[in-house]
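Peer 1: would you be able to build a 3D model of this:
(one chain, ligands or ions: 1)
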Amino acid sequence: MTYKHRAIIDTIPGYKQGKPAPAKEGVRTYKISSNENAFDPLPSVVEAVAGKAGRMNRYPDMRGWAVVERLAERYGVEPANVMLGCGSTEVITMLVNLVAGPGDEIVYPWRSFEAYPLIVAGAGATSVQVPNLPDGGHDVDGLIAAVNERTRLVIVNNPNNPTATSISDADARRIMEAVPSDVLVLFDEAYFQFNTDPATSVAMDLYREYPNVVVAHTFSKAYGLAGLRIGYAIAPADVVEGLGKVALPFGVTEIAQTAAIASLDAQDELDERVRAIVAERDRVAEALTAQGWEFPKPYANYFWLPLGERTDEAARVFEDKGLSARVFSGEGIRVSIGEPEACDLVIEACAELKARGM
Ligand SMILES: Cc1ncc(COP(=O)(O)O)c(C=O)c1O
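Peer 2: As a prediction, this is how the structure comes out:
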């Protein structure tokens, strides 16, 4: 059927969800395509969520005050500076809808989180994609040069998805000094808990120093709540007020809010899991370096293998091992750090790729 619609929608490629684990008779297979947390949910979080199941006939607290107050306390900000969303994807969507429409530009690195172009096009605004440097990091000079009078938002993704690179505090400050103070700069830090780069930028530090910083965090990754959809922004109070006007009413469920609070209560246990994932990531990275691979040093719960035109061939080797990683045809493969057994298979698969001359 043909129907009347906005022409810009035809330019949106559509979000490609990470593939499920490949089906292989009698063999355990692994999904390492969505940067999820491979640990099972904490029993205390499952119990808290189950305790709320009987309330599903009621709408949630739309503002999520209980979570907002906990987060405000944790970061030393006011509740008026915290906004929840259905994952940080919704937070980013709200922010773009708040600041940009037709004729406005949003500057961001590319390749980066694949939702950015969809969100920008959805708002009818224009994406200005600044290609990453050959090492996979943000081209800071390029980002700064792309800012003009039409710019409404600059996005920094630290660590960057999919290249897993970290941006330094010095580089982030260069961006902040160059961008006019009435243009917002979003620091998307979905994976910051895994960032072990001693030189990394810390968006909350910048938030305290500059008037135009918005920080986006999520409970999906380090906290393992991807399936419940809850993330948040920390932003100046007038920005949070604006976000509230474009938010999906009642979007963040009571179950998600409950799980977030139970997770904040279990911070020590979750931190231990983060340390285990980081250790596993470093083990894999060391093994691959020993095999002779050159790839960006990873600072997230995934790493990036730049394979260029042999990407699809490499993906088939991964699949034969029972691994579904995230494949960017012609560019490379993003590999999430999953269970240790999955990581062992990743190391095996990469050895095989090396043997094929990749
Ligand atoms: C860089 C980045 N930002 C934001 C998100 C959004 O995550 P969520 O909507 O689950 O919070 C993701 C998810 O993959 C991501 O990779």
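Peer 1: would you list the phi and psi of the nearest residue to Ala342 once chain neighbours are set aside?
Peer 2: Leaving aside its sequence neighbours, Ala342 sits nearest to Tyr30 (CB to CB, 6 or more residues apart in numbering; 3.8 Å). In short, each C-beta sits where N, CA and C put it, glycine included. Phi and psi for Tyr30, reported as degrees, to the nearest 10, are phi -130, psi 140.
Peer 1: so who does the closest residue to the ligand within the chain touch?
Peer 2: Closest contact between the chain and the ligand, by CB to the nearest ligand atom, is at Gly87 (2.4 Å). Residues near Gly87 by CB atoms under 8 Å, 6 or more residues apart in numbering: Thr218, Ser220, Ala226, Arg229, Ile230, Gly231.
Peer 1: what ranges do the strands span in the stretch 51-200 of the chain?
Peer 2: Assigned by DSSP state E, counting those that start in this stretch, the strands in the stretch 51-200 of the chain fall at 82-85, 105-110, 126-131, 151-157, 184-188.
Peer 1: over to the stretch 251-358 of the chain?
Peer 2: Using DSSP E, counting those that start in this stretch, strands in the stretch 251-358 of the chain cover 302-306, 323-328, 332-336.
Peer 1: in TSV: these, plus mean pLDDT.
Peer 2: TSV is the format used below for the strands of the stretch 251-358 of the chain (pLDDT from 0 to 100):
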stretch	mean pLDDT
strand 302-306	98
strand 323-328	96
strand 332-336	98
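Peer 1: possible to save those strands as JSON lines with distance to the ligand and mean neighbour count?
Peer 2: JSON lines is the format used below for these (distance: least, CB to the nearest ligand atom, whole Å; neighbours: other CB atoms under 10 Å):
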{"stretch": "strand 302-306", "distance to the ligand": "9", "mean neighbour count": "24"}
{"stretch": "strand 323-328", "distance to the ligand": "10", "mean neighbour count": "22"}
{"stretch": "strand 332-336", "distance to the ligand": "10", "mean neighbour count": "27"}
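Peer 1: any chance of TSV for those, columns distance to Phe250?
Peer 2: Output for those, formatted as TSV (distance: least, CB to CB, whole Å):
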stretch	distance to Phe250
strand 302-306	32
strand 323-328	32
strand 332-336	31
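Peer 1: ok, which of these comes nearest Ala342?
Peer 2: Checking these against Ala342 by CB to CB gives strand 323-328 as the closest, at 6.5 Å.
Peer 1: may I have that closest one as CSV, with CA atoms only?
Peer 2: Output of strand 323-328 as CSV, limited to C-alpha atoms (Å, rounded to 0.1, in the frame of the first residue of the first chain):
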residue,chain,number,x,y,z
LEU,A,323,28.5,-17.1,18.1
SER,A,324,26.2,-14.3,16.8
ALA,A,325,28.2,-11.1,17.0
ARG,A,326,27.1,-7.8,15.5
VAL,A,327,28.2,-7.6,11.9
PHE,A,328,28.7,-4.3,10.0
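Peer 1: so Val239 is in contact with Val214, correct?
Peer 2: Yes - if you go by CB atoms under 8 Å, Val239 and Val214 touch, sitting 6.2 Å apart.
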